[in-house]
Every structure is written in C-alpha cells, then in structure tokens.
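Asker: Generate coordinates for the sequence data below:
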Amino acid sequence: MLNITDLCDDQIYLHSDFWQCDFGHGEPVKLGLILEAVDLADGGEAEFSYVVEASLIPQLEYMDDEILEEARSEGLTTDEELLRYAYESYGGVPVNIDAVQPSKASCGMSSFVARGNIGTIISETGEVIESRRFQDLSEAMSFARDFYAVYASVIFGFIDVVLDHPHRAGGTGWDRIRLMSRK
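Answerer: Got it, this is the predicted structure:
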C-alpha cells in the first residue's frame, strides 16, 4: 500500500513497505520518495516554470540516529519535520521521475491530471532530460499526487540501476543511502 504524506506546500513524501534496497548484508533499507515542486523562474513571471523533482531517502525508521538527533536538537519533533530536515539537510538520491513514464508517452492520460507542457532540464548528473513543466505550484503538486505517486513504484523495479548512477558531488546513490541510513 502506498502512503502519501504532505511535508509542506511544495513537498510530499511517499513510502511503501515494499520499497527497499539491499546492501547484500543485514537487513534491507526501506526507502521513501520525496516529490518537490520547484520554481525555475528565479522570481520571474515565466509561464510553465514549475517542475517536480524526486529524491529517494531512507524511511524514518531506517534513518541514521545522528540525523534524527540533529533535527530534534533544532526543536523538530513530528515525523514530517524529521523527514523534511533529513531531505533538506542531506539531500537524497535524485530520480528522474519522468523516466518512469516518459513525458511524451503519457501526454494523453496525464493531460487530464494537470495542465503542463514538456521541456528540457539539466539533471544533477549533467544530463539533458525531458521534463514536464507546470504553470503554478498547485498544478505541479496536483500532478505529483495524482500521477507521479501512482507510477512511483515502477522505480523499485530497477532500483539497483537508479542507485548505481554516479552523482556530480561524487559517489553513487548507494553511498547517499548508506550515509543517511544506519548502514
């Protein structure tokens, strides 16, 4: 079963008992997915300036105790606050959520969910990828909840490939999950 939690106006957190990665020893680490609407207009009035970025993080019960203690030392106590702190302070493993179902392949059905258009963005790894763009925060979050969330489980069919991908800052997704979890 998919669980969806609002973290704030521009972030939702998705998790399922079936979403996990296995380091080959010990217990697997269960994962969650943050979907965040980001305005790329830099304060301008550009139309269709919102995109939805996706990042994997360990589920709260698998999060490193030091990260959780840091968050608590700042007065954060709710699960939503702890997850948001971990994501905003440590990042996550970026995922091209549009790769789950390419933008142009899903235009028919997805056009009923939110008004958007397809453009390109440069990913954290430097790749140019097709991405949906939305007029405003409301449209982006509606699409994240009603479309991306529905298809997010597909990512876990090829989670090893996602985590193997190198990052600009160095390391791979495996390294990021290991850093953020109790592994």
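
Asker: who's in contact with the helix or strand containing residue 12?
Answerer: Secondary structure from DSSP states H and E places residue 12 in strand 11-21. With CB atoms under 8 Å, 6 or more residues apart in numbering as the test, strand 11-21 has contacts from 1-7, 28-37, 59, 80, 83-84, 87, 141, 144-145, 149, 152-153, 156, 159-160, 163, 174, 177. For the C-beta atoms, the positions are set from N, CA and C on the backbone; glycine is no exception.

Asker: who's in contact with residue 31?
Answerer: For residue 31, the contacting residues are 15, 19-21, 56-59, 156, 159, 177, by CB under 8 Å, 6+ apart.

Asker: Residue 165 and residue 173 touch, don't they?
Answerer: Yes. The criterion here is CB atoms under 8 Å, and residue 165 meets it with residue 173 at 6.0 Å.

Asker: quick one: which of those two has more around it?
Answerer: A direct count of neighbours by other CB atoms under 10 Å for residue 165 and residue 173 places residue 173 higher, at 24 against 17.

Asker: quick one: low-confidence ranges for this structure?
Answerer: 43-45, 101-129, 183 (pLDDT under 70).

Asker: Which residue is the nearest non-sequential neighbour of residue 54?
Answerer: The shortest distance from residue 54 to any non-neighbouring residue, by CB to CB, 6 or more residues apart in numbering, is to residue 97 (3.9 Å).

Asker: which residues of the protein fall in helices?
Answerer: 65-73, 79-90, 107-110, 137-143, 149-151, 159-164, 173-180 (DSSP state H).

Asker: sorry, back to before: Provide the strand pairings for the strand holding residue 12, with the direction of each partner.
Answerer: Its sheet considered, strand 11-21 pairs with strand 3-8 (antiparallel), strand 29-39 (antiparallel) by DSSP bridges.

Asker: most packed of the ones you listed?
Answerer: Highest mean neighbour count of the strands paired with strand 11-21: strand 29-39, a mean of 22 (counted as mean count of other CB atoms under 10 Å).

Asker: Could you tell me the angle between that strand and helix 79-90?
Answerer: 80 degrees (axes from the mean of the first three to the mean of the last three CA atoms, to 10 degrees).

Asker: got the CA coordinates for strand 29-39 in CSV?
Answerer: Written as CSV, here are the backbone C-alpha positions of strand 29-39 (Å, rounded to 0.1, in the frame of the first residue of the first chain):
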residue,chain,number,x,y,z
VAL,A,29,16.9,-0.4,4.0
LYS,A,30,13.3,0.7,3.3
LEU,A,31,13.1,3.8,1.1
GLY,A,32,10.7,6.7,0.6
LEU,A,33,10.4,9.2,-2.2
ILE,A,34,10.1,13.0,-1.8
LEU,A,35,8.4,14.8,-4.6
GLU,A,36,9.1,18.6,-4.5
ALA,A,37,7.7,21.3,-6.8
VAL,A,38,10.5,23.7,-7.8
ASP,A,39,10.0,27.1,-9.5
